[in-house]
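Q: here are the coordinates; sequence isn't available:
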C-alpha cells in the first residue's frame with residue numbers, strides 16, 4: 001500500500017515543517033525536506049506509471065511507514081519529553097539507545113532519517129529508469145455509466161415469478177426461499193422485486209434486513225425492529241415509538257414489539273443471506289399470520305436451510321446466465337446504453353463473457369476491469385487470458401484481478417472497507433471523514449475528491465450502492481460478501497489492516513490499523529503495547545478498561561468507539577495528540593483539554609439525534625473549541641451549546657469547519673458567523689425559552705449548502721425576526737416552529753434550493769400562495785404534519801419539481817397541476833388528496849407520460 005503510505009508521510013512532513021511548536025535541528029529539517037521531495041517523485045510515478053512499482057511496492061510502503069513513524073515519535077517527544085513507550089520499536093529496528101540521551105541530542109534521530117532518506121532516494125532513481133511493462137492502462141478511460149436502475153440481464157422471468165408469488169397464491173403467510181451460490185444474483189433478484197412500485201403499493205410494511213454469516217440474535221432483532229418502525233414512519237408520517245424501556249431492551253422485549261407492530265398489517269420482510277436455521281428459528285414465532293397475504297423472502301446459499309424454512313413452499317433456484325445474457329450484461333456495464341461495442345472487440349468480448357460461466361458477479365467485476373484499460377484488441381486479449389473459470393469458488397481469481405487493476409490512489413480507499421462488519425451499510429459521509437483523517441487524499445477539496453473516489457469504486461463494481469441522496473449522489477454503500485472476503489485478505493496480506501478474526505495479543509505489534517467487530521478479545525488486546533498503531537475502529541461494546549489503556553496507542557490518529565458500558569471518558573484520550581478523528585457513541589462533558597488535540601479534524605459524539613429541553617447547562621462546548629482550527633466536522637447527536645468566543649482564550653476562526661451538527665440555542669451573532677466562514681452543513685435546535693437567535697445573520701454563511709432547524713417544545717417563529725437564509729442553500733429542513741405560510745417567500749426566493757422538507761407544523765396557516773420566480777431549482781418537496789388547506793400555485797412556479805410527498809395534510813383536498821412531477825406520495829386516508837393524485841395519473845397517461853407514478857401509504861388497517 002505504497003501510495004497511501006507516501007501521501008500520509010507527506011502530510012506528516014507538512015505538519016512538522018509548517019508549525020512553530022516543533023523545533024527542528026538544521027540537519028533534521030534538511031533530511032525531512034529531502035524525504036518529502038523523493039516521496040513526491042514516487043507518488044507521481046505511482047499515479048502515472050503504476051506498473052513500475054510492482055516489484056518494490058512493499059519496500060516503498062515499509063520505508064514510508066518507518067519515516068512517518070520517526071516523525072510522529074519526534075512530535076510525541078516534544079509533547080511528553082521522552083520516548084519511553086516507543087523504546088521497544090526502536091530496539092526492533094536495530095537502533096542502540098542508552099538512556100535516550102542520543103535522541104534528545106538529535107544525533108540518533110538524524111542518523112535514522114538519513115538512512116531512510118537514502119533508501120527512498122535509491123528506489124525513486126531506479127523506478128525512473130525502469131521501462132513500462134504489463135497491460136497499458138488508459139490514461140483517461142471513460143468508465144461505464146452506472147445509474148440507480150442498473151439493468152438486470154436475464155432476470156426478467158425470475159422477477160415476474162417472485163412478484164407473482166408475492167401478490168398471488170394463498171392469503172396465508174408464505175415464505176419464499178431464493179437459493180443459489182454466492183454471486184449468482186439472489187440479493188439482486190430479491191431487491192428488484194422488493195423495490196417494484198406495485199409491490200411497494202401492495203404491502204403496508206416493507207423491510208429488507210441482512211442476516212449474514214456473523215449472526216447475532218440481539219443485533220438482528222434490533223435491526224429488524226428499527227427497520228419496521230422506520231417503514232411505519234415512512235408510511236404513516238408519524239414517529240413510531242418502540243415502547244421499550246432502556247433496561248428492558250432484551251430479546252424478548254424486542255420480539256414482543258416486532259409482533260405488535262406487524263399485527264394487523266400486510267407486511268413484506270426480506271431476510272437476506274441466511275447461513276443457519278438458528279436465524280430463522282429465533283424469529284419464526286414473531287411473524288403473525290393474519291390471513292392477509294403477508295410474505296417473507298429468504299435468500300441463502302444453502303438448499304437445506306431453504307427447504308427447512310419453506311414449510312412445503314417451492315424453492316426458487318437461481319440459474320446461471322446463458323452466453324447471450326452474459327455478453328449483453330458485459331456490454332452494458334462497459335459501454336453503457338449510449339455506445340456500441342466496436343466490431344473488432346466483439347469476439348474477444350464474447351470469449352471473456354463465456355469465461356465468467358454465467359455468474360453475474362463475475363461478469364460485473366470483469367466489466368469493471370475492462371472499463372479501466374484501453375479499448376483495444378490487445379488489451380482485451382490480455383484480460384481474456386486471465387479470466388479463468390469462476391464457478392465453484394474460483395471467482396477469487398476474478399476478484400483479485402479487479403483489485404490489481406485499481407489505480408494506486410483507490411487501493412487504500414477500497415481496502416479500508418475491510419474494517420466494517422459483514423453486511424454493514426456504510427454512510428458515505430462517515431467513510432469520507434475517515435479517509436481524510438487517514439491521509440488517503442492529497443490536494444484541496446478533500447471531501448469532494450473522496451466523494452469522487454466512492455463513485456469510481458462503484459463504477460469498477462467493487463463497491464455496491466445501498467442508498468442514494470435526492471441529488472443523485474451516493475448516500476451509503478456496502479460490499480458483496482465475496483468481495484469483502486477478498487478485501488479482508490488483501491488488507492491483511494499487504495499489512496494494511498488487521499481484523500479481529502485474526503487478532504492475537506502479540507500479533508499486532510506493528511499493525512497500523514485494527515478493526516474489532518463482534519468477536520471477543522478487545523479488552524485483552526488493548527493491554528498490549530502497539531506503538532505503531534494509527535487506527536482503532538471498534539464496533540462492539542467495550543468497557544472502561546479498553547479506553548483506560550489508550551495511552552499505550554500513543555500515535556493514534558483515528559479512534560472510533562461507538563458502544564461503551566461506561567459513560568466516563570478517561571483523560572488519556574486527550575493526550576493522544578495525533579488524533580485526527582474521534583467518534584464516541586456516548587455522551588460526556590467535553591473538557592477544556594479537548595484543545596490538546598490540535599490535529600483533530602472530526603469529532604462525533606453520540607449515536608443518533610436525541611434532543612431534550614432538560615439537557616444540563618453543563619452541556620456546553622468548552623471555549624477552547626475556538627482554539628482548534630483544524631476541525632472540519634463537529635457532529636453532536638446530544639445537542640451542546642456553542643460558547644461565545646469572548647468567554648475563552650484568544651479565539652481563532654474555524655476556517656476548515658464544514659459541518660456543525662446539532663448546536664443548541666445557536667446565537668448566530670455576527671461575530672460567530674464570521675468565525676465560521678466555510679461552513680457547508682449546519683444543524684440547529686431551539687426550545688421555547690430561547691429568544692435571541694438572530695437567524696437573520698445566517699445570510700452571511702456564504703458557503704452553507706444544507707441547513708436543518710429543529711424547533712422543540714413551544715418554540716415559535718411568531719413575534720421574532722424571520723431568518724434570512726444564504727443564497728447558496730441547496731437543502732433546507734424545518735421541523736416545528738410554525739413559520740407562517742405567507743412568509744414562505746423567504747424560502748421560495750432561494751436561487752439554489754433543490755430539497756425542502758417541512759415536518760410537524762413547520763409552517764402555520766391554511767393557505768400557501770407562490771409567486772413568479774419562486775422555487776426555480778426545487779426538485780424535492782416534503783410536507784408532513786400540516787394544517788394547510790389551500791395551495792394556490794402555477795405550474796411554472798415549480799419548473800423542476802420531480803418528487804412531492806404529502807403526509808398528514810388532512811385539510812388539503814387537491815394537488816396543484818405541476819407538469820414536471822414524476823412521483824407523488826400521498827396519505828391514503830385522505831381520500832380527496834388520493835382522488836386528486838389519481839386524476840393527475842390519468843391525465844399524464846393520456847399525454848403519453850409513462851414516467852409519472854403515484855404512491856400511497858396506509859396506517860394500521
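A: Perfect, I can see it now. Remember, predicted model here, so these are calculated numbers, not experimental data.
Q: from here on, contacts and neighbour counts on C-alpha atoms
A: Noted.
Q: residues of the helix or strand hosting residue 381 that come out buried?
A: In this assignment (DSSP states H and E), residue 381 forms part of helix 377-386. The neighbour-count check on helix 377-386 (16 or more other C-alpha atoms under 10 Å) flags 377, 379, 380, 381, 383, 384 as buried.
Q: After that helix, heading C-terminal, what element do we hit next?
A: helix 396-404.
Q: And the following helix or strand past that following helix, how far out from the chain middle?
A: Per DSSP H and E, the first helix or strand lying C-terminal to helix 396-404 is helix 411-415. Distance, stretch centre to chain centre, for helix 411-415: 14 Å (C-alpha atoms, centre = their mean, to the nearest Å).
Q: and the strand or helix carrying residue 219, what does it pack onto?
A: Element membership for residue 219 (DSSP H and E) is helix 217-236. With contacts taken as 3 or more C-alpha pairs under 8 Å, 6 or more residues apart in numbering; DSSP states H and E, helix 217-236 sits against strand 205-210, helix 251-262, strand 853-857.
Q: picking up where we left off before, work out the gap between the helix holding residue 381 and the centre of the chain.
A: Per C-alpha atoms, centre = their mean, the centroid offset for helix 377-386 relative to its chain is 35 Å.
Q: Which stretches in the stretch 751-861 of the chain count as strands?
A: Along the stretch 751-861 of the chain, the stretches classed as strands by DSSP state E, counting those that start in this stretch are 755-759, 763-764, 767-769, 780-784, 790-792, 803-807, 823-827, 853-857.
Q: packing partners for the second one?
A: The elements that strand 763-764 packs onto, with contact taken as 3+ C-alpha pairs under 8 Å, 6+ apart, are strand 739-740.
Q: Verify the stated contact: residue 701 with residue 678.
A: Yes: here residue 701 reaches residue 678: they are 7.3 Å apart, a contact under C-alpha atoms under 8 Å.
Q: Tell me how far stretch 782-793 lies from the chain's centre.
A: The answer for stretch 782-793 is 33 Å, by C-alpha atoms, centre = their mean.
Q: Now do the buried residues in that stretch.
A: For stretch 782-793, by 16+ other C-alpha under 10 Å, it's 782, 783, 784, 785, 786, 787, 788, 789, 790, 791, 793.
Q: how about low-confidence regions in the stretch 101-250 of the chain?
A: Applying pLDDT under 70 to the stretch 101-250 of the chain picks out residues 101-111, 113, 124-125, 127-153, 236-249.
Q: quick one: the strands in it?
A: Going by DSSP E, counting those that start in this stretch, the stretch 101-250 of the chain shows strands at 174-179, 205-210.
Q: if you compare the strands of the stretch 751-861 of the chain, which one is most tucked away?
A: Ranked by mean neighbour count, those are led by strand 763-764 with a mean of 24 (mean count of other C-alpha atoms under 10 Å).
Q: which residues are contacting that one?
A: Strand 763-764 is contacted from outside by 736, 737, 738, 739, 740, 741, 786, 787, 788, using C-alpha atoms under 8 Å, 6 or more residues apart in numbering.
Q: Tell me which strands that strand pairs with, and in which orientation.
A: Strand 763-764 has its sheet partners listed here by DSSP bridges as strand 739-740 (parallel).
Q: Can you name the element that comes right after the strand it pairs with?
A: helix 745-748.
Q: Quick check: buried residues in that next one?
A: Buried, per 16+ other C-alpha under 10 Å, within helix 745-748: 747, 748.
Q: Residues contacting that helix, please?
A: Counting by C-alpha under 8 Å, 6+ apart, 724, 725, 770, 774, 775, 776 sit against helix 745-748.
Q: I'd say residue 57 and residue 4 touch.
A: No: the criterion here is C-alpha under 8 Å, and residue 57 misses it with residue 4 at 11.1 Å.
Q: neighbour count winner among those two?
A: Per other C-alpha atoms under 10 Å, whichever of residue 57 and residue 4 has more neighbours is residue 4, with 24 against 19.
Q: ok, now which ones touch the residue most central in space within the chain?
A: Among the residues of the chain, the one closest to the centroid is residue 427, at 1.7 Å (C-alpha atoms, centre = their mean). By C-alpha under 8 Å, 6+ apart, the contact list for residue 427 reads 475, 476, 477.
Q: how much space is there between the second one and residue 560?
A: The gap separating residue 476 from residue 560 is 18 Å, by C-alpha to C-alpha, to the nearest Å.
Q: Over to the last one?
A: For residue 477, the distance to residue 560 (C-alpha to C-alpha) stands at 19 Å.
Q: for the stretch 551-700 of the chain, which spans come out with low pLDDT?
A: 551, 565-568, 608-618, 688-692.
Q: Which residue ranges of it form helices?
A: 670-674 (DSSP state H, counting those that start in this stretch).
Q: And the strands in it, which stretches?
A: 558-561, 581-584, 602-605, 633-641, 659-664, 681-686.
Q: helices or strands up against the second one?
A: Packed against strand 581-584 by the contact rule (3+ C-alpha pairs under 8 Å, 6+ apart) you find helix 428-438, strand 558-561, strand 602-605.
Q: What is the helix or strand just after the longest one packed up against?
A: If I follow you right, that is helix 428-438. Reading on from helix 428-438 to the C-terminus, the next helix or strand found by DSSP H and E is helix 446-459. Helix 446-459 sits against helix 428-438, with contacts defined as 3+ C-alpha pairs under 8 Å, 6+ apart.
Q: what's next to the helix it packs on, contact-wise?
A: Taking C-alpha under 8 Å, 6+ apart as the rule, helix 428-438 contacts 8, 413, 441, 446-447, 450-451, 454, 474-477, 557-558, 580-581, 601-602.
Q: Just the buried ones from the residues you listed?
A: 8, 413, 441, 446-447, 450-451, 454, 474-477, 557-558, 580-581, 601-602.
Q: Now do the helix holding residue 381 against helix 396-404, angle only.
A: 140 degrees (axes from the mean of the first three to the mean of the last three C-alpha atoms, to 10 degrees).
Q: and residue 849, how far is that from residue 685?
A: Taking C-alpha to C-alpha, one finds residue 849 at 42 Å from residue 685.
Q: now do residue 841
A: According to C-alpha to C-alpha, residue 841 stands 39 Å off from residue 685.
Q: Please apply the same query to residue 847.
A: Taking C-alpha to C-alpha, one finds residue 847 at 46 Å from residue 685.
Q: between the two, which one's more packed in?
A: residue 685 (22 against 9).
Q: Surely the more buried one and residue 709 touch.
A: Yes: counting by C-alpha under 8 Å, residue 685 does reach residue 709; the two are 6.0 Å apart.
Q: want to try CSV for the helices and strands packed on helix 217-236, with distance to residue 552 as columns?
A: Output for the helices and strands packed on helix 217-236, formatted as CSV (distance: least, C-alpha to C-alpha, whole Å):
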stretch, distance to residue 552
strand 205-210, 36
helix 251-262, 37
strand 853-857, 54
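Q: Identify whichever of the ones you listed lies nearest to residue 493.
A: Nearest of the helices and strands packed on helix 217-236 to residue 493, taken as C-alpha to C-alpha: strand 205-210 at 27.9 Å.
Q: Against which helices or strands is the closest one packed?
A: Short answer (3+ C-alpha pairs under 8 Å, 6+ apart): strand 205-210 packs on helix 217-236, strand 267-274.
Q: Let's have these in a markdown table, adding mean neighbour count.
A: Shown next, in a markdown table, are the helices and strands packed on strand 205-210 (neighbours: other C-alpha atoms under 10 Å):
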| stretch | mean neighbour count |
| --- | --- |
| helix 217-236 | 19 |
| strand 267-274 | 23 |
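Q: Can you tell me which of those is nearest to residue 535?
A: helix 217-236 (24.8 Å).
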